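Trainee: take this sequence and fold it.
(one chain, ligands or ions: 1)
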Amino acid sequence: MRLQNKVALITGAGSGIGKSTALLFTREGAKVIVNDVAEHGAETVAAIRRQGGEAIFVRADVTRASEVEDMVQQVLAQYGQIDVLFNNAGISGVGALHETSEEQWDRVVNVNIKGVFLPSKYVIPHMMERKQGAIINMSSCIAEIGLMRRAVYSATKGAVLALTKSMQVDYAPYNIRVNALLPGTILTPFVENYLRTSYDNPEEALHTIRQRQLSGDLGRPEDAAKAALFLASDESKFMMGSPLYVDGGVTFG
Ligand code: NAD
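Mentor: Coordinates of the predicted model:
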């Protein structure tokens, strides 16, 4: 088992990629802290326990410093260590730049960038002390390619990729690896919601997205979860500050 005796904190693990990763990590022996701002994080924990894994749900908003700090303290009090931090929580933002309201800009920037900053800020001093840790930041292939009407969302995912490299340089001396995950379109509630709210004909939009993939289909949450497992485990010990694409060929194809 690749994560035996490891403790992993996954933000936004109540749904989609985070949920699938939490299930996979526990199957690989990790104890998982399922974080989410929404109560459906409890459903992830129930699913993990049904398969015999160990997990707890900690409700916290990753944009609120006091909630994140309390969460990290609670985890350290209970488990004494955090080996893996997966900064996965994120929200979508649809619109060209001129269509984007200031409120929408602030909300997406807050969750997608500050939501990486705060958990990292409170977990890293602990990892520095132990001189070990793996951090995975959720970026997106949109950090590399232009897609229509995704202005603020692409700005945040580009920022996460740049932040990953900066973090890696600062924390390499402490044996902390920081890598970024860049999924293409993965069929999750996030994408279903995006299609429903952004297109008059979601089925047609889905067809267009499928055609854009070299793979001919969208990814599944498990595809991204397996890549996260690789970045969390020692199998990727020579990867530092790297982007890992899980995108069905959409970025470079
Ligand atoms: P999802 O909507 O299924 O899950 C995201 C989870 O994050 C939800 O449970 C939500 O409640 C939680 N969340 C939102 N705001 C939060 C906050 N402030 N604090 C704590 N939790 C919060 O989405 P998903 O598709 O699984 O996406 C997960 C991540 O992957 C996001 O960062 C997203 O940008 C990124 N991503 C997704 C895709 C895709 O195609 N699905 C592609 C590239 C990147």
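Trainee: where do the strands of the stretch 1-150 of the chain begin and end?
Mentor: 7-10, 31-36, 54-59, 84-87, 133-138 (DSSP state E, counting those that start in this stretch).
Trainee: equivalent analysis for the stretch 151-253 of the chain, please.
Mentor: 176-183, 243-246.
Trainee: mean pLDDT and mean neighbour count for these - can I get that in JSON lines?
Mentor: In this view, the C-beta of every residue, glycine as well, is placed from N, C-alpha and C. Formatted as JSON lines, the strands of the stretch 151-253 of the chain follow (pLDDT from 0 to 100; neighbours: other C-beta atoms under 10 Å):
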{"stretch": "strand 176-183", "mean pLDDT": "99", "mean neighbour count": "26"}
{"stretch": "strand 243-246", "mean pLDDT": "98", "mean neighbour count": "19"}
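Trainee: need the strands of the stretch 1-150 of the chain in a markdown table (columns: distance to residue 17, mean neighbour count and mean pLDDT).
Mentor: Below are those laid out as a markdown table (distance: least, C-beta to C-beta, whole Å; neighbours: other C-beta atoms under 10 Å; pLDDT from 0 to 100):
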| stretch | distance to residue 17 | mean neighbour count | mean pLDDT |
| --- | --- | --- | --- |
| strand 7-10 | 9 | 26 | 99 |
| strand 31-36 | 12 | 28 | 99 |
| strand 54-59 | 16 | 18 | 98 |
| strand 84-87 | 9 | 29 | 99 |
| strand 133-138 | 8 | 25 | 99 |
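Trainee: so which of those comes closest to residue 252?
Mentor: For these, proximity to residue 252 was assessed by C-beta to C-beta; strand 133-138 is nearest, at 19.5 Å.
Trainee: that closest one packs against which elements?
Mentor: On a contact count with 3 or more C-beta pairs under 8 Å, 6 or more residues apart in numbering; DSSP states H and E, strand 133-138 meets strand 84-87, helix 115-130, helix 151-171, strand 176-183, helix 221-232.
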